[in-house]
Every structure is written in C-alpha cells, then in structure tokens.
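Peer 1: below: sequence and its predicted model.
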Amino acid sequence: MSDTIRAFRLEITLLSLLVPVSAIAAVAVALWRRSRGADIRSAAYTTLVDLGLLFWIIATLLITLLNTQGGVREPPDLVPLRAIWRAAQEPTDSTFIVMVLNVGLFLPFGMLAPLKWPHWGRIWPITWRAGLVSLAVETLQFLINPRRTASINDVLLNALGAAVGLLLAMILRRVLEASPRGPYHDSRQPP
C-alpha cells in the first residue's frame, strides 16, 4: 500500500461509505422536491448540485481535519507566497503534489457553487468566497488538528482552484452549447 493511500485510509473509507448514502439521499430529496411541485428535471438538477456541494464540504473537512499525517505542528505560515516561491526554487515531488492538491481541492467548489448561486458565476465573486471558505477551513485545521500546519498559501491555492473550477465549468458549458445536439437536446424531436 502506498504512503499516500495509507495516510488517507480513514478518509477513503469514510468517503466510500458516503457515496451510497449520498445516492440514496439524492433519490429521496429529488422525490420530495417532485412531490412539492417541481418538474423532475429541475428536481434532479437542484438535488445533484446540492448533494455535490455537500459531498465536497464533507470531503474537504475529512481531508483537512482528520488527516494525521505530519509531525509536530509548526507555527502558521502567514507570509503570502513565501512557501510557493521556495517550492518553485527548490521543487520536490511532495511540494508539487501538495500545491496541486490544494488547487484541486477547490475545483468542485468553483464548478458547483455558481450553479447553486448564479451571481457567484464570475471570477472575483467565486475567488473571494473560496478564499473565505478556505480561511475558515485553515482556522479549523489549526484549532482542531495539532499535526497540521495552517498556511496562507493554502488559502491562496484553494482560491485559485475555485477560479480554475469556474473557468472549466464555463468552458464545458460553451462546448455543450456549441454541440450539434445542444445541452438540452430532446431525442424525441427530429434534428
């Protein structure tokens, strides 16, 4: 078993249990919304966005708060870009992986949050909101997990991840809209 999988064994187990529970919850919530008068497409869409965000929140908290990998806590890194600059000057596999994971952790937030709250669908609103969410996560991590070090660079990389997620969602939407069938093509109608 690789070191990465071993380090996240508890989180992987909890997340694998969360997937079937989420699927059952999605069906139940969609049926409830349907019984309240929503059409099936909007009930399913809204439910998937809501559960996607919930799944992201739970996964983010599990990964950042429960992971006990690491040694003795260092003081918080409050100097923006210092660790990123050092990593660029002396790159190692682990620093690169940590930076990519910090960006990747907030990609779903950037993709899903504007679907729930459309006025967040521009770069600045999603970026500063992701920064606030990330700051809250880093603060919790500092207060709850003595083996983790809080870093302002994590906040910056998480906010960047949300912005990249939004850009990917915008590109995907344009590709779907430009496809010959369109994103909402009804196969029963002739082309």
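Peer 2: Arrived safely, thanks for sending. These numbers come from a predicted model, not from an experiment. Numbering: from 1, shown residues only.

Peer 1: and stretch 142-156, average pLDDT?
Peer 2: Within the predicted structure, the mean pLDDT of stretch 142-156 is 87.

Peer 1: quick check, pLDDT for the nearest residue to G121 once chain neighbours are set aside.
Peer 2: The shortest distance from G121 to any residue other than its chain neighbours is 3.7 Å, reached at P114 (C-beta to C-beta, 6 or more residues apart in numbering). (C-beta placed from N, C-alpha, C; glycine too.) Per-residue confidence (pLDDT) for P114: 93.

Peer 1: check R174 too.
Peer 2: Each residue has a pLDDT score; the one for R174 is 87.

Peer 1: what is the burial count for it?
Peer 2: The burial count assigned to R174 is 10, neighbours taken as other C-beta atoms under 10 Å.

Peer 1: okay, and it sits in which element?
Peer 2: Assigned by DSSP states H and E, R174 belongs to helix 152-178.

Peer 1: tell me which residues in that helix are buried?
Peer 2: Buried residues in helix 152-178, defined by neighbour count with 16 or more other C-beta atoms under 10 Å: 152-166, 169-170.

Peer 1: centre of the chain versus it, how much separation?
Peer 2: When C-alpha coordinates are averaged (C-alpha atoms, centre = their mean, to the nearest Å), helix 152-178 and its chain have centres 10 Å apart.

Peer 1: repeat for stretch 55-75
Peer 2: Worked out by C-alpha atoms, centre = their mean, stretch 55-75 lies 14 Å from the chain centre.

Peer 1: begin at 23 from here
Peer 2: Yep, numbering from 23; the last one is stretch 77-97 now.
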